[in-house]
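return atomic coordinates for the entry below.
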Amino acid sequence: MKALHVITGLRVGGAEQQLRLLLRHLPVRCDVVTLTDPGPVADGLVADGVRVAHLGMRGNRDLAALPRLARLVRRGRYDLVHTHLYRACLYGRIAARLAGVRAVVASEHSLGETQMEGRPLTPGVRGLYLLGERLGRATVAVSPAVAGRLARWGVPAPRIAVVPNGIDLARFAFDPAARLRTRDRLGLPAGAFVVGGVGRLVPGKRFDVLIRAFARLPDDCRLLLVGGGPEEGALRRAAREAGIADRVLFTGERPYVPDGSPGPDLPALASAMDVLASPSPEEAFGLAVVEALAAGLPVRYTSCPALENLPPGTAPDAARVPCDAGAYARALAGVRAAGPGPRTAPEAARHYCITRSAARLMDVYTAALTPTTPQVPDPQGGSPS
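Numbering: from 1, shown residues only. Below is the predicted model:
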């Protein structure tokens, strides 16, 4: 089997890094095309031996990109096209069909109740999405919550498959040496209580709530915000206005797997933390929460469908907290008062091992490649044969 993955961009983000991790575990030959902004994940994919093409798309309405993408699909003689993120799903599905590829799978990584990929949902966005969805064989939802949203939109249930995000458990296992090394590199006191926040710095993640909560914690606490995005300036101003700028550290975007870039990667940063806080009220999966659990961290979160669909007790040190500064301040103070516990991954983290997710995705590929036989009506009026 030869597959082409089409994604909107390849900067450091959850969907982008999930794609790189998946390609390390899928037993098929895969190429990647990014519509825009190759970014550091593209460099990482190339280092992994994956062929990456940049389409050079100039914007959402750059229709000239469509025939270029269709030619690329046709020349590659791909058996299957897998699209990721809204723009790539729309253009990729159309291009695949123009190129004669009918086995088209799309992954929905970031669909919330009111927003998609951090932007508000509108009737126009939904209508265009549904038109494109009809051109595919399957739509992959990263959680049952996303599958339910797709079904409510009108996507037929037989075309929805749940394939959860996966994590590399070994990469995130707590490393005491990495903890000391990372704290020293970042200038974090060895005995500081470090609160972590991981994700795109966009309004929907509500890191402003976390900054207001952190301002109520004692001076021996530090806040480590891992990620980049348009809200960074506003969050820095909020920290200055709260008088805690000297205790808040912005690391910028950090890779999931080593890519040769300077600075610690995400697993090393997780080892340096004492708790992860995730105040986002609307998530499609909650990857940052699951990764933190894999690092043995206590977690306080507002939304995490990945945990909501597991039996009680699989993540004993993960607790839901309202998206409120006072509630988060009290929750984080409680974790600090309780002191450090064992840094072992609970069952919830082990449930989302990347090898399991890759195996489920292969099942979706196999089904998409299986020709469908149309039912022929019985001329005598009986049941179709």
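
tell me where this structure is predicted with low confidence.
Scanning the chain for pLDDT under 70 picks out the ranges 255-263, 372-385.

care to break it down by domain?
2-166+353-369, 169-350 (automatic domain parsing).

make TSV out of those and add mean neighbour count.
From N, CA and C alone the C-beta is placed, and that goes for glycine too. TSV is the format used below for those (neighbours: other Cβ atoms under 10 Å):
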stretch	mean neighbour count
domain 2-166+353-369	19
domain 169-350	19
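
for the helix or strand containing Arg330, what is the distance to the chain centroid?
Following DSSP states H and E, one finds Arg330 within helix 325-338. Relative to its parent chain, helix 325-338 has a centroid offset of 26 Å by Cα atoms, centre = their mean, to the nearest Å.

all numbers from here: first residue = 52
Renumbered: residue one is now 52, and that last one reads helix 376-389.

just the C-alpha atoms of the longest helix along the chain, please, in CSV.
Longest helix in the chain by number of residues (criterion: DSSP state H): helix 405-420. What follows is helix 405-420, C-alpha atoms only, in CSV (Å, rounded to 0.1, in the frame of the first residue of the first chain):
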residue,chain,number,x,y,z
ILE,A,405,0.6,4.8,19.7
THR,A,406,0.9,1.2,18.4
ARG,A,407,-2.7,0.6,19.3
SER,A,408,-3.8,3.7,17.4
ALA,A,409,-1.7,2.8,14.4
ALA,A,410,-3.3,-0.7,14.3
ARG,A,411,-6.8,0.8,14.4
LEU,A,412,-6.0,3.2,11.6
MET,A,413,-4.7,0.3,9.5
ASP,A,414,-8.2,-1.3,9.9
VAL,A,415,-9.7,1.9,8.6
TYR,A,416,-7.4,1.9,5.6
THR,A,417,-8.2,-1.7,4.8
ALA,A,418,-11.9,-1.0,4.9
ALA,A,419,-11.5,2.1,2.7
LEU,A,420,-9.6,0.1,0.1
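
by contact count, what packs against that helix?
Counting contacts by 3 or more Cβ pairs under 8 Å, 6 or more residues apart in numbering; DSSP states H and E, helix 405-420 is packed against helix 65-74, strand 131-135, strand 155-159, strand 189-192, strand 211-213.

using JSON lines, lay out these together with distance to Glu283.
Converted to JSON lines, the helices and strands packed on helix 405-420 look like this (distance: least, Cβ to Cβ, whole Å):
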{"stretch": "helix 65-74", "distance to Glu283": "17"}
{"stretch": "strand 131-135", "distance to Glu283": "25"}
{"stretch": "strand 155-159", "distance to Glu283": "27"}
{"stretch": "strand 189-192", "distance to Glu283": "30"}
{"stretch": "strand 211-213", "distance to Glu283": "33"}
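
ok, Ala189 - contacts?
156-157, 210-212, 415, 418-419 (Cβ atoms under 8 Å, 6 or more residues apart in numbering).

now swap in Leu420 and tell me
Leu420 neighbours (Cβ under 8 Å, 6+ apart): 52, 130-131, 154.

mind running it again at 7 Å?
Leu420 makes contacts with 130-131, 154, as judged by Cβ atoms under 7 Å, 6 or more residues apart in numbering.

now tabulate those in TSV and tack on distance to Glu398.
Output for the contacts of Leu420, formatted as TSV (distance: Cβ to Cβ, whole Å):
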residue	distance to Glu398
Asp130	36
Leu131	33
Ala154	35
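
ok, and Ala54, which helix or strand is that part of?
Residue-wise, Ala54 maps onto strand 53-58 under DSSP H and E.

neighbouring strands for that strand, and are they parallel or not?
According to DSSP bridges, strand 53-58 forms sheet pairs with strand 80-85 (parallel), strand 131-135 (parallel).

switch these over to TSV; also include distance to Val206.
Listed next are the strands paired with strand 53-58 as TSV, based on distance: least, Cβ to Cβ, whole Å:
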stretch	distance to Val206
strand 80-85	24
strand 131-135	14
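
looking at the ones you listed, which is nearest to Pro397?
Closest approach to Pro397 among those (Cβ to Cβ): strand 131-135, 28.6 Å.

returning to that earlier point: which residues sit against the helix holding Arg381?
Residues outside helix 376-389 that contact it (Cβ under 7 Å, 6+ apart) are 244, 246, 260-261, 263-264, 267-268, 326, 328, 330, 349, 351, 370, 372.

got the CA positions of that helix in PDB?
What follows is helix 376-389 as a C-alpha-only set of coordinates in PDB (Å, rounded to 0.1, in the frame of the first residue of the first chain):
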ATOM      1  CA  ALA A 376      -9.100  31.300  38.200                       C
ATOM      2  CA  GLY A 377     -10.200  30.800  41.800                       C
ATOM      3  CA  ALA A 378     -11.000  27.200  41.200                       C
ATOM      4  CA  TYR A 379      -7.600  26.600  39.500                       C
ATOM      5  CA  ALA A 380      -5.700  28.400  42.300                       C
ATOM      6  CA  ARG A 381      -7.300  26.200  44.900                       C
ATOM      7  CA  ALA A 382      -6.700  23.000  42.900                       C
ATOM      8  CA  LEU A 383      -3.100  23.800  42.200                       C
ATOM      9  CA  ALA A 384      -2.500  24.800  45.900                       C
ATOM     10  CA  GLY A 385      -4.000  21.400  46.900                       C
ATOM     11  CA  VAL A 386      -1.500  19.600  44.600                       C
ATOM     12  CA  ARG A 387       1.400  21.600  46.100                       C
ATOM     13  CA  ALA A 388       0.300  20.900  49.600                       C
ATOM     14  CA  ALA A 389       0.000  17.100  48.900                       C
END
